[in-house]
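Colleague: Sharing a model that was predicted from the sequence below.
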Amino acid sequence: MNNFKMKKRGFTLIEMLIIIAIISILIGVGVAVYTNIINIADEKVCHIQCQGAIQLYKTYTANGGEIDIDDTTGTEFLVVSGFLNKEYECPNGGVYTWNVDNEGNVSISCSIHGENEDEDEDEELIKPTETPVMSKKPIKPIKPGAKPYK
């Protein structure tokens with residue numbers, strides 16, 4: 001009778017396959033989330049660089065500089081004029097193109113992430129809807145040795 005008793009040592013093949021499948025699914029979800037986070041971060045870096053370049057452009061033109069209408073790509077003119085130490089580059093390899101209208105409004109478009117306009121004009125002030133009111137009850141001092149509220 002002892003010959004028919006099976007001693008269980010380790011995992012069976014099915015258990016190992018299930019564990020491998022679960023780990024594979026978790027890795028797949030993790031890689032997808034990580035890739036999405038990287039793409040969002042690259043887009044935000046591109047947007048921030050465009051906004052910074054717009055502000056530098058305003059300073060550049062306020063100091064008498066002009067943009068060459070024939071070459072409206074990149075930020076090299078800001079480096080040459082001393083406003084930037086290094087030319088801004090899109091993290092995904094996009095090309096920045098300047099758009100300046102007749103009124104002096106400026107925007108930069110990235111060939112990958114799209115257009116970034118000057119946000120100063122459209123920015124609205126956030127105003128609170130109500131003024132917070134302090135309670136009119138006096139605050140009671142805590143007695144030494146008092147138990148905290150539960």
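Modeller: Everything's here; your move.

Colleague: Other residues contacting stretch 76-95?
Modeller: Residues outside stretch 76-95 that contact it (Cβ atoms under 8 Å, 6 or more residues apart in numbering): 42, 45-46, 49-50, 52-53, 56-57, 59-60, 65, 67-68, 71, 73-75, 96, 110-113. In this view, the C-beta of every residue, glycine as well, is placed from N, C-alpha and C.

Colleague: any idea of the mean pLDDT in the helix of greatest length in the chain?
Modeller: As assigned by DSSP state H, the longest helix anywhere in the chain is helix 13-62. Regarding helix 13-62, the rounded mean pLDDT is 92.

Colleague: now that helix: how far from the chain's centre is it?
Modeller: Here helix 13-62 is found 9 Å from its chain centre; the criterion is Cα atoms, centre = their mean, to the nearest Å.

Colleague: Does anything pack onto that helix? Which helices or strands?
Modeller: Identification of packing neighbours for helix 13-62 by 3 or more Cβ pairs under 8 Å, 6 or more residues apart in numbering; DSSP states H and E yields helix 76-80, strand 96-100, strand 106-110, strand 114-117.

Colleague: export those to TSV and tack on distance to Glu87, mean pLDDT and mean neighbour count?
Modeller: Putting the helices and strands packed on helix 13-62 into TSV (distance: least, Cβ to Cβ, whole Å; pLDDT from 0 to 100; neighbours: other Cβ atoms under 10 Å) gives the following:
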stretch	distance to Glu87	mean pLDDT	mean neighbour count
helix 76-80	5	80	16
strand 96-100	9	82	17
strand 106-110	13	85	19
strand 114-117	17	75	14
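
Colleague: As JSON lines, those with distance to Gly30 would be great.
Modeller: Below are these laid out as JSON lines (distance: least, Cβ to Cβ, whole Å):
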{"stretch": "helix 76-80", "distance to Gly30": "39"}
{"stretch": "strand 96-100", "distance to Gly30": "33"}
{"stretch": "strand 106-110", "distance to Gly30": "29"}
{"stretch": "strand 114-117", "distance to Gly30": "29"}
